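Undergrad: show me the folded form of this:
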Amino acid sequence: MPLLPLHGHGGLRARFDDAIRRDVLPGSLLLHGPAGVGKQRLALWLGQRLLCTGAEPRPCGTCQHCRYALAGNHPDIHWYFPRPRPRDADSTPSRIDDDLREAVADRIATGAYAPPPPEEAIFVSTVRAIVRSAAMNPALGARKIYLIGEADRMVVREDAEEAAGAFLKMLEEPSPRATVVLTTAEPGALIPTIRSRLVAVRVPPLGDRDVDAVLQEPAMQEAIKEANGPKGLAEQRRLANGAPGSLLGSREWSDAIARAQRILDAAGSHDRRKQMKTALQQGATGSRGAFSTALDALTSLLHERLKATIERGHLSAAASASRAFDAVEAAKERAAANTNPRLVTSELLRQLAEHVA
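TA: Numbers count the residues shown, from 1 in each chain. Okay, the predicted model is just below:
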């Protein structure tokens, strides 16, 4: 089974295509946006577009480079993402590469895949493997593409200064024959020295039509059924909230919905003590990943409230609901900037209390 087709993000694809044609595409990019909107799939498309040598429009989908890219085995597209911590004996670059090859093959075979569990990460041994690979010439194409998914889970320790320094140099001065793309739902979780060396591009949620197209892919339906049980397309679209990949992490999304509901309940209670308790429950910066997902879930719950309000004919409540959305979006920006979730929640609850019943 080849990669799941890429649906949506037409505007970004056109921008990337234009930058490639004018030879102004940055060598180091950061694709950031909500979890589940297809950032890694978009990055893989970009790699395919960079290597394609077929007919227009590119990527053609039929040349040798496109066929290898769609099969997930192009030797010049290197896809890294969180993996289990390697044992010392398994931490050589060649063994890291072998492990990633097998993991990529599993993702391709599945077609749609759940996010890695929290204990997995991109460990220092993988960073060393990336730097080592980047020093080599392309194997088949004119350039090499490095995709580092969920880059906020990259572990760069103080005792690995050599690996960290080499990786930072790779980002700051990428080879003219290499493109590096990091993706994350948590740009604020990246260390500043990494973030400052990347050109950031926001990947927005998908529209309903593109969400439906993703959800109707057979591999996606099978994965969603396994993660969440059978649900109708309309229910899946509602839960996805523009990010269909979020449905594959059933436990994480269910937890996020419950967490968001507690925030909403506390805001509506107008009980300051309850609000302070809810803010304290959000944890410190170490829990920011789950916190940002809860903010995405809060947006979904507010959409449901707004829809129900409009259906009841209470149009005057729409303006207040809009301000509630603005408050959540501001909270997302603060969370992305690495602000403590407790402080973000405290301010968010104060604002939401003015706009939710």
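
Undergrad: pLDDT (mean, whole number) over the longest helix seen in the chain?
TA: Once the chain is assigned using DSSP state H, the helix that runs over the most residues is helix 288-311. The average pLDDT for helix 288-311 rounds to 74.

Undergrad: check which residues of that helix are buried.
TA: In terms of neighbour count (16 or more other Cβ atoms under 10 Å), helix 288-311 has its buried residues at 288-302, 305-306, 309. Heads up, the C-betas are built off the backbone N, CA and C, glycines and all.

Undergrad: what's the answer for stretch 76-89, then?
TA: Those would be 76-83, 86, for stretch 76-89 by 16+ other Cβ under 10 Å.

Undergrad: what lies in contact with it?
TA: 40, 44, 47-48, 51, 68-69, 72, 95-96, 99-100, 103-104, 116, 119-123, 125-126, 130, 133, 138-141, 143-150, 153 (Cβ atoms under 8 Å, 6 or more residues apart in numbering).

Undergrad: for that stretch, C-alpha coordinates in PDB please.
TA: What follows is stretch 76-89 as a C-alpha-only set of coordinates in PDB (Å, rounded to 0.1, in the frame of the first residue of the first chain):
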ATOM      1  CA  ASP A  76      17.100  10.300  -0.600                       C
ATOM      2  CA  ILE A  77      14.000  11.000   1.600                       C
ATOM      3  CA  HIS A  78      14.900  10.400   5.200                       C
ATOM      4  CA  TRP A  79      11.900  10.300   7.500                       C
ATOM      5  CA  TYR A  80      12.500  10.500  11.300                       C
ATOM      6  CA  PHE A  81      10.000  10.500  14.100                       C
ATOM      7  CA  PRO A  82       9.800   9.400  17.800                       C
ATOM      8  CA  ARG A  83      10.900   5.800  18.400                       C
ATOM      9  CA  PRO A  84      11.500   3.700  21.600                       C
ATOM     10  CA  ARG A  85      14.700   4.500  23.400                       C
ATOM     11  CA  PRO A  86      17.500   2.300  21.900                       C
ATOM     12  CA  ARG A  87      19.600   0.000  23.900                       C
ATOM     13  CA  ASP A  88      23.300   0.900  23.900                       C
ATOM     14  CA  ALA A  89      24.100  -1.900  21.600                       C
END
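
Undergrad: quick check: mean pLDDT of it?
TA: 86.

Undergrad: ok, now stretch 169-178?
TA: On average, stretch 169-178 scores 87.

Undergrad: before we move on, back to that, select only the buried ones of the contacts of stretch 76-89 in PyMOL?
TA: Per 16+ other Cβ under 10 Å, the buried members of the contacts of stretch 76-89 correspond to this PyMOL selection:
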select buried, resi 40+44+47+48+51+68+69+72+96+99+100+103+104+116+121+122+123+125+126+130+133+141+143+144+145+146+147+148+149+150+153
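
Undergrad: quick one, domains of the protein?
TA: Under the assignment automatic domain parsing, the domains of the chain span 10-202, 249-352.

Undergrad: just the strands in the stretch 151-300 of the chain please.
TA: Along the stretch 151-300 of the chain, counting by DSSP state E, counting those that start in this stretch, strands occupy 178-184, 199-202.

Undergrad: weakest of the domains of the chain by average pLDDT?
TA: domain 249-352 - the lowest mean pLDDT of the domains of the chain, at a mean of 77.

Undergrad: span of it from start to end?
TA: Terminal residues of domain 249-352 lie 27 Å apart, using Cα to Cα, to the nearest Å.

Undergrad: quick revisit: give me the subset of the contacts of stretch 76-89 lying in strands.
TA: Members of these lying in strands (criterion: DSSP state E): 144-148.

Undergrad: so what does the one helix or strand residue 30 maps to touch, helix or strand wise?
TA: Per DSSP states H and E, residue 30 falls inside strand 28-32. Packing partners of strand 28-32 (3 or more Cβ pairs under 8 Å, 6 or more residues apart in numbering; DSSP states H and E): helix 39-51, strand 178-184, strand 199-202.

Undergrad: tell me the contacts of the closest residue to residue 182 other than its chain neighbours?
TA: The shortest distance from residue 182 to any non-neighbouring residue, by Cβ to Cβ, 6 or more residues apart in numbering, is to residue 151 (3.9 Å). By Cβ under 8 Å, 6+ apart, the residues touching residue 151 are 30, 122, 182-184, 190, 194.
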